[in-house]
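**Q** Fold the following.
(one chain, ligands or ions: 1)
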Amino acid sequence: MRLKVCGLRQAGNILEVTGLEPDFIGFIFSPQSKRFVGEELRQELLKSLPASVRKVGVFVDQSTAEILRQVCRYGLDLVQLHGSETPAQCAELRAGGVGVIKAFAVGEAVDFAVLEPYTAVCDYFLFDAAGPQPGGNGTRFNWELLRQYALPVPYLLAGGIGPSMVAELAHLRLPGLYGFDVNSGFETAPALKDAAVLRRFFADLRPSSAALPASAASAARASTTSAAN
Ligand SMILES: O=C(O)c1ccccc1NCC(=O)[C@H](O)[C@H](O)COP(=O)(O)O
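**A** Predicted structure coming up:
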């Protein structure tokens, strides 16, 4: 299962978390968020990170020009869109050379018809709990709502995931499920992740690679990944 750690900004913390070899790390570019990267995020640091850890910029209803400016500035691999971005904007971003994750806030139900126009223009979906903020609410939704998922786009499951859920996550089988996105459940302060707690969580979810040195673990995961795809 792939793992994404979202909402980082401080250099030392980015390096610590990257050392755990997540599949994705996320940076919040929405100024309204308490995890907004502001001026603290260092361009040269991001560009020096290993390519195996894909860098995701998170945006909320921002223009294509602004998003692509940040993609270029920080060398982002994907953008994650948490507002009312249209399929046309997703297509524009992809044409601009960046991968697209479209996030959907889930309340009492999932309207799969709304997702359909996005299938041809997104690399991944992300399902998150609806709440007062566009993301990072720290609450979960009823994951069973995804039992009926039948679209071709793989998705990340997000919202209120915390260290105590390891056993539940390890056994979770849902159609289309690609990985888990974690954020506030692993923070000691906004945008500051507890690397020790994340390390344990990663080891529990990736038991076969926990005992290996980092490089061997990464090679083992790459071979599992190519076998799965
Ligand atoms: O985290 C934020 O502050 C945020 C603000 C605006 C848009 C998106 C945001 N986060 C995006 C994420 O991918 C989060 O990891 C996801 O919403 C889950 O967060 P949490 O419930 O805290 O685990």
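**Q** May I have the beta-bridge partners of Ile25?
**A** Ile25 has these beta-bridge partners by DSSP bridges: Val5, Lys55.
**Q** That one - how many residues pack around it?
**A** Ile25 is flanked by 22 other residues according to other CB atoms under 10 Å. Where C-beta positions appear, they are placed from N, C-alpha and C, glycine not excepted.
**Q** where are the low-confidence patches of this structure?
**A** Residues of the chain that meet the criterion pLDDT under 70 lie in 208-229.
**Q** burial measure for Val114, as a count.
**A** Count around Val114 with other CB under 10 Å applied: 9.
**Q** which secondary structure element contains the residue lying closest to Ala195 once chain neighbours are set aside?
**A** The shortest distance from Ala195 to any non-neighbouring residue, by CB to CB, 6 or more residues apart in numbering, is to Glu16 (4.0 Å). Glu16 is located in helix 11-18, with elements delineated by DSSP states H and E.
**Q** downstream neighbour of the lengthiest strand in the chain in the secondary structure list?
**A** Under DSSP state E, the strand in the chain containing the largest number of residues is strand 99-106. Using DSSP H and E, the helix or strand that directly follows strand 99-106 along the chain is helix 112-115.
**Q** three-state assignment of Ser52?
**A** Following DSSP: H, G, I helix; E, B strand; the rest coil, Ser52 is assigned to coil.
**Q** thought it was touching Glu21?
**A** Yes - the pair Ser52 / Glu21 is scored as a contact, 7.0 Å apart, by CB atoms under 8 Å.
**Q** Which one's more surrounded, the two?
**A** Using other CB under 10 Å as the criterion, Ser52 and Glu21 rank with Glu21 on top: 18 against 12.
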